[in-house]
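Asker: got a predicted structure here, sequence first:
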Amino acid sequence: MKYSFLSKVVIFCSIIFVGSGCSTPKFDYSNYKQSKPRSILILPPINESVEVAGETAVLSSLVRPVAEAGYYVMPTTLVSETFKQNGYTQSAEIHKLPLNKLDEIFGADAILYVTIKQYGQKYFVVGSSAIVALEARLVDAKSGQEIWNGSASANSNENNSGNSAGLVGLLVEAVVTQVIGDAFDASYPTSKIATARMLSPQNVNALLYGPRHPKSAF
């Protein structure tokens, strides 16, 4: 049997895919290890979602995984107030500030830029789900070189094993979920999962353990 060139490529890729066990390409940490950041400035994230609460919720979720990874994190409240006092209130505007100016004011070794791609409840015919999707990059404050980048997402229904109560049960669950979602920000706990996946060193292609952690990579 003769195969076209495209067919051969598909077959070859399929063999590689199966043999690799769906492995994720490993991030090249060479520049990261050379930079050896000790302190990180987390800028207010750019919020591309329609939920205004997304920026504050994600910003508060970012601190813990970075600090637990072994880095000193510039206090986000102080950072936000500093920007505000200098007339900068928009995240997109802050992300465009010159590195030398950020270095002069805060003196951090690296700067974390985060973009919120999705944040909020998604409603379906029956049921809903809180979805958070993030992208980030870490930049050396002195050289301006990007030393790391990553992304992650989380869905509040990931561990939902299904409902066996039938249509009525699903409808009742949907109503309850919507009421809870209206009363509380159901996306906030989901943002914690997404930030941990993206930043916590125990995850693939996340941050490296910093100098304050026993498992420090440098």
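Answerer: Right, received. Where do you want to start? Residues are numbered from 1 along each chain as shown.

Asker: show me where the chain has its helices.
Answerer: Secondary structure of the chain (DSSP state H): helices located at 5-20, 30-35, 54-68, 76-85, 91-95, 99-106, 166-183, 187-199.

Asker: Phe218 contacts Arg38, correct?
Answerer: No: using CB atoms under 8 Å, Phe218 is not in contact with Arg38, being 9.6 Å away. All C-beta atoms are positioned from the backbone trio N, CA, C, and that covers glycine.

Asker: what is in contact with those two at once?
Answerer: Pro211 (CB atoms under 8 Å, 6 or more residues apart in numbering).

Asker: low pLDDT regions in the protein?
Answerer: Within the chain, the segments meeting pLDDT under 70 span 1-23, 123-127, 159-185.

Asker: please report how far Met198 lies from Lys117.
Answerer: 11 Å (CB to CB, to the nearest Å).

Asker: who touches both of those two?
Answerer: Joint contacts of Met198 and Lys117 (CB under 8 Å, 6+ apart) are Leu134, Ser151.

Asker: which of these two has more neighbours?
Answerer: Met198 (23 against 15; other CB atoms under 10 Å).

Asker: excluding chain neighbours, give the residue nearest to that one in space.
Answerer: Closest residue in space to Met198, ignoring its immediate chain neighbours: Ala152 at 3.6 Å, by CB to CB, 6 or more residues apart in numbering.
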